[in-house]
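Visitor: model the structure of this input:
(2 chains)
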Amino acid sequence: AQKITQTQPGMFVQEKEAVTLDCTYDTSDPSYGLFWYKQPSSGEMIFLIYQGSYDQQNATEGRYSLNFQKARKSANLVISASQLGDSAMYFCAMRVRENYGQNFVFGPGTRLSVLP
Amino acid sequence: GAGVSQSPRYKVAKRGQDVALRCDPISGHVSLFWYQQALGQGPEFLTYFQNEAQLDKSGLPSDRFFAERPEGSVSTLKIQRTQQEDSAVYLCASSLAETQYFGPGTRLLVL
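Guide: Presented below is the predicted three-dimensional model:
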């Protein structure tokens, strides 16, 4: 069964510091995609970064990078130089291909609080 | 360009009432997904469309839930005889390739 685990319900980080949000996944599908989304208190889900299972290099998008360790089935999100606006819920998600199309599975989320 | 839009943004329903939630995906996006997000939890998959075809409805919690996308664009999620446990945020997402783009959600409260 496909599953996403995020073991940190909440994290604190000082402004301008870097923070790592953990994500591990479980799938038997050889082809999958991993995503991170940010959900501020306003509720919208904002796409941050994507990593394909066959990508050789770790994905980066501005201050976001994804530390992809395939053998360990982990896809941690690293946010560099944290800003107060980074305070939000962060969800790790996985896309797997099914016979009929595709399915997405989300983790329970990590609430990040950036301290001034 | 316009993103995914959903309406209404908020809906209060009395238990037993039927509700209809609308999703306008990004123009040209083939895939459309509905999710249910309970308070403090991650989104849970409900159903998936590719164009007008509903390819997966395994996440719909009961036969009171029904979704359609008749012309392969706008989608409607209908909940019949609402129950208190249906209270949640209902998120719609569309995609063309790998990445899903989400709408702002509809917050449903069943009293």
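Visitor: what is the end-to-end distance of stretch B:54-73?
Guide: Distance across stretch B:54-73, first residue to last, is 12 Å (CA to CA, to the nearest Å).
Visitor: hey, what's the residue nearest to the spatial centre of chain B bridged with?
Guide: The centroid of chain B falls nearest to residue B:34 when counting by CA atoms, centre = their mean (3.8 Å). Following DSSP bridges, residue B:34 is listed with bridge partners residue B:47, residue B:92.
Visitor: which residue is the nearest non-sequential neighbour of residue B:111?
Guide: residue B:14 (5.7 Å; CB to CB, 6 or more residues apart in numbering or on different chains). (C-beta placed from N, C-alpha, C; glycine too.)
Visitor: what part of chain A, helix or strand, is modelled with the least confidence?
Guide: strand A:101-106 (a mean of 81; mean pLDDT, DSSP states H and E).
Visitor: next, the angle strand A:101-106 makes with the longest strand seen in chain A.
Guide: Criterion DSSP state E: the longest strand present in chain A is strand A:88-98. Calculated by axes from the mean of the first three to the mean of the last three CA atoms, to 10 degrees, strand A:88-98 forms an angle of 150 degrees with strand A:101-106.
Visitor: the least confident helix or strand of chain A packs against which elements?
Guide: Counting contacts by 3 or more CB pairs under 8 Å, 6 or more residues apart in numbering or on different chains; DSSP states H and E, strand A:101-106 is packed against strand A:3-5, strand A:88-98, strand B:31-37, strand B:44-50, strand B:53-56.
Visitor: list the contacts for residue B:5?
Guide: B:23, B:24, B:103, B:104 (CB atoms under 8 Å, 6 or more residues apart in numbering or on different chains).
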